[in-house]
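Visitor: mind looking at a prediction? Sequence and model below.
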Amino acid sequence: MAITVQNFIKMANFYNQMTMMMSAICVQKGGIAIENYVGRFFAADTLEFVYEYGRRLVESGAATPDVRALVERFRIQYERVKDLTTPSQRPIYEMTLEEFEKLMNI
């Protein structure tokens, strides 16, 4: 998929709709705090993806000033929740012996 402003806007809209739905679910479930909602991990992963896509769009030079501002807002949000994201799998050749053993369940 080519990195385009249109795709970024679609993903940003998806993320915004998802967070609105998460808030509604939390209210409907008795007013639980969003920090206690199990979907916060998926939201953090989604935000990481949207921010990274936007960052690459800005680096390519295709972003307008409005898009750059939106990417910056996503960056700020991402910095607050980056500890909730799923860790990336490192290639085996970059792992320590302990990491490899844990991965292989040895």
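Guide: Structure received. Numbering: from 1, shown residues only.

Visitor: once you drop chain neighbours, what's closest to Thr19?
Guide: Leaving aside its sequence neighbours, Thr19 sits nearest to Ala43 (Cβ to Cβ, 6 or more residues apart in numbering; 6.4 Å). No exception for glycine: its C-beta is placed from N, CA and C like everyone else's.

Visitor: and the helix or strand hosting the one you found, what does it pack against?
Guide: In the assignment (DSSP states H and E), Ala43 maps to helix 40-60. Secondary structure elements in contact with helix 40-60, counted by 3 or more Cβ pairs under 8 Å, 6 or more residues apart in numbering; DSSP states H and E, are helix 5-28, helix 65-81.

Visitor: Val50: which of those helices is closest?
Guide: Closest approach to Val50 among the helices and strands packed on helix 40-60 is made by helix 5-28 (4.9 Å; Cβ to Cβ).

Visitor: would you mind pulling the contact partners of the closest one?
Guide: For helix 5-28, the external contacting residues (Cβ atoms under 8 Å, 6 or more residues apart in numbering) are 1, 32-34, 37, 39-40, 43, 46-47, 49-50, 53-54, 57, 62-64, 67, 70, 74.

Visitor: helix, strand, or coil at Ala62?
Guide: Using DSSP: H, G, I helix; E, B strand; the rest coil as the criterion, the local structure at Ala62 reads coil.

Visitor: what pLDDT does it get?
Guide: pLDDT for Ala62: 88.

Visitor: for it, which non-adjacent residue is spatially closest?
Guide: Val5 is the one closest to Ala62 (Cβ to Cβ, 6+ apart), at 6.2 Å.
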